[in-house]
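Colleague: pasting the structure only:
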């Protein structure tokens, strides 16, 4: 006997398709549900009464159910109509908020921005940036990652971050673009009663411990003519820690003066100005972003502000 081949047909579920939602018609339902009068609702909507009637009938025909009962006694919501009008009102509110959010983001006055900063530019630029943003763009939410340049660049390349600001890198992934923001000088910072300040003739720079940010790039301080620095004793990325060490010890802090701008203004720290002419090194700050991704308005505004601060407001 020839074996029978049994074939079982499986009915696949139909893909769910949603009709196009006409937000104008949703608004017609919501306004009519509020007034329960075609005359008053049509007046608010700027329609003729026949046009509003036709719109409501078109919705009901598409749904296959009545939303409103009409008779000589007036207009009443059906049970479905009450639920439909309530959900339609929620949708209209959500749509309005979505549109407003998109418009704000497009103008750079709202939305969110995700970016990264190396410790030095973060210390120099972020406080003033956010003080300004709180006043001019209070709706913008900023998510900032403070990390080493290698990590930040990798996160920009993977599009986790929109951009990052850090000292210039010698090698980069090919998909990144760069915007040069400017350069900042390097200084030697000490407490105001440091021996090199009180009695510079009897003390040598090389005899005092050196502290730096661990992400301080190689700025060529060992070039001929550069001052001979003391032994490196602390390398840490926390500028608050570095500030406290410099204030409470004889350590010499190699950094940008802007990292301790407030302490310098308050007279707690000072620059070893005698060595300024010998410090030829400068740090180039760069903004890296993904070449296939357009910068958001907020990112463009930040970039321009960073550049202006470094070029125009921060002394060389």
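Modeller: Thanks, I have the structure now. These numbers come from a predicted model, not from an experiment.

Colleague: alpha carbons only for contacts and neighbour counts from here, please
Modeller: OK.

Colleague: Let me know how buried residue 127 is, in neighbour terms.
Modeller: Around residue 127 there are 11 other residues, counting by other CA atoms under 10 Å.

Colleague: now residue 115
Modeller: 21.

Colleague: Now tell me what touches the host helix or strand of it from outside.
Modeller: Counting by DSSP states H and E, the element that carries residue 115 is strand 112-117. Strand 112-117 is contacted from outside by 105, 140-147, 149, 152, 160-166, 298-299, using CA atoms under 8 Å, 6 or more residues apart in numbering.

Colleague: distance between the longest helix belonging to the chain and the chain's centre?
Modeller: Criterion DSSP state H: the longest helix present in the chain is helix 79-106. Relative to its chain's centre, helix 79-106 lies at 27 Å (CA atoms, centre = their mean, to the nearest Å).

Colleague: Same question for stretch 257-274.
Modeller: Distance, centroid of stretch 257-274 to centroid of chain: 30 Å (CA atoms, centre = their mean).

Colleague: cool, stretch 269-288 as well?
Modeller: 29 Å.

Colleague: Then stretch 41-58?
Modeller: Worked out by CA atoms, centre = their mean, stretch 41-58 lies 45 Å from the chain centre.

Colleague: Which positions within that stretch qualify as buried?
Modeller: 41, 42, 49, 52, 53, 55, 56, 57 (16 or more other CA atoms under 10 Å).

Colleague: can you put these in TSV and add pLDDT and distance to residue 120?
Modeller: Listed next are the buried residues of stretch 41-58 as TSV, based on pLDDT from 0 to 100; distance: CA to CA, whole Å:
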residue	pLDDT	distance to residue 120
41	93	61
42	93	62
49	93	67
52	94	63
53	93	66
55	94	62
56	94	63
57	94	66
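
Colleague: Out of those residues, flag the one nearest to residue 190.
Modeller: Distances from residue 190 to the buried residues of stretch 41-58, taken as CA to CA, are shortest for residue 41 (75.0 Å).

Colleague: Secondary structure of the closest one: a helix, I assume?
Modeller: Yes - Residue 41: assigned to a helix according to DSSP: H, G, I helix; E, B strand; the rest coil.

Colleague: Skipping its backbone neighbours, what lies nearest it in space?
Modeller: The shortest distance from residue 41 to any non-neighbouring residue, by CA to CA, 6 or more residues apart in numbering, is to residue 32 (5.2 Å).

Colleague: Residue 43 is in contact with the one you found, correct?
Modeller: No - between residue 32 and residue 43 there is no contact under CA atoms under 8 Å: 10.5 Å.

Colleague: and stretch 245-263, how far apart are its ends?
Modeller: For stretch 245-263, the first-to-last residue distance is 13 Å (CA to CA, to the nearest Å).

Colleague: Which residues does that stretch contact?
Modeller: By CA under 8 Å, 6+ apart, stretch 245-263 touches 120, 123-124, 184-191, 194-195, 208-213, 216, 239, 242-243, 264, 268-269, 271, 314.

Colleague: hmm, 7 Å instead?
Modeller: 120, 123-124, 184-191, 194, 208-212, 268-269 (CA atoms under 7 Å, 6 or more residues apart in numbering).

Colleague: Residue 146 is in contact with residue 119, correct?
Modeller: Yes - using CA atoms under 7 Å, residue 119 is in contact with residue 146, at 6.2 Å.

Colleague: Neighbour count: those two, which is higher?
Modeller: The neighbour count for residue 119 versus residue 146, taken as other CA under 10 Å, is higher for residue 119 (25 against 19).

Colleague: what sits against that one?
Modeller: Residue 119 makes contacts with 146, 147, 237, as judged by CA under 7 Å, 6+ apart.
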